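Student: the following block contains a protein sequence and its predicted model.
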Amino acid sequence: MGFVSFVGRVLFASIFLLSAWQEFNEFGVQVPEFDIKYLVAASVAFKGVGGILFTFGSSIGAYLLILQQLIVTPILYDFYNYDTEKKEFNILFIKFTQNLALLGALFFFIGMKNSTPKRQLKKKAPKTKTF
């Protein structure tokens, strides 16, 4: 089961890692006058580092990805600024709901990680002398 869990984490984290790589390569995009480039850089860093840490089962990685999703999702996928009849509304709404699903999976991971009992080392019973 450990290997299957690892493969699942790798596949899930690949979404964030590939997305971070793509955003890193496209970082030269024109941004508004507001220094949003720092927010974009932090988002890319959270995705990259969080994705790597998540692959190895780290809760810190999951928390970084949660933080990234909470900050970026409503900003990037602002479907609420478009009329429901426009094509952009549907595209942004689908991406928004996909990110909500990813966020839910991250919360599920944290919940499961915190609910599974930690392995405890078994203490060896002291040897008793028999006479």
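Tutor: That came through fine. Quick caveat, the model's predicted, so the values are computed rather than measured. Numbers count the residues shown, from 1 in each chain.
Student: how near is the nearest residue to Leu64 once chain neighbours are set aside to Thr73?
Tutor: Here the nearest residue to Leu64 in space, its sequence neighbours aside, is Gly50; by C-beta to C-beta, 6 or more residues apart in numbering that works out to 3.3 Å. Bear in mind the C-beta positions are built from the backbone N, C-alpha and C, glycine included. Summarising the geometry, the distance separating Gly50 from Thr73, computed by C-beta to C-beta, to the nearest Å, is 14 Å.
Student: neighbour count winner among the two?
Tutor: Gly50 (26 against 18; other C-beta atoms under 10 Å).
Student: what does the strand or helix carrying that one rub up against?
Tutor: Secondary structure from DSSP states H and E places Gly50 in helix 37-55. Applying C-beta atoms under 8 Å, 6 or more residues apart in numbering, the set of residues contacting helix 37-55 from outside is 6, 9-10, 12-17, 19-21, 23-24, 27, 31, 60-65, 67-68, 71-72, 75, 109.
Student: 6 Å - rerun?
Tutor: For helix 37-55, contacts defined as C-beta atoms under 6 Å, 6 or more residues apart in numbering pick out 9-10, 13, 16-17, 19-20, 23-24, 31, 60-62, 64-65, 68, 72.
Student: give me the low-pLDDT residue ranges for this protein?
Tutor: In the prediction, the chain carries residues with pLDDT under 70 at positions 1-2, 4, 7, 26-35, 118-126, 128-131.
Student: switch to 90 and redo it
Tutor: Within the chain, the set of residues satisfying pLDDT under 90 comprises 1-45, 55, 57-58, 70-131.
Student: can you give me the helices in it?
Tutor: 2-25, 37-55, 59-76, 87-115 (DSSP state H).
Student: ok, now how distant is the residue most central in space within the chain from Lys87?
Tutor: With distances taken as C-alpha atoms, centre = their mean, the residue of the chain nearest its centroid is Leu65 (3.1 Å). In this structure, Leu65 lies at 29 Å from Lys87, with C-beta to C-beta as the measure.
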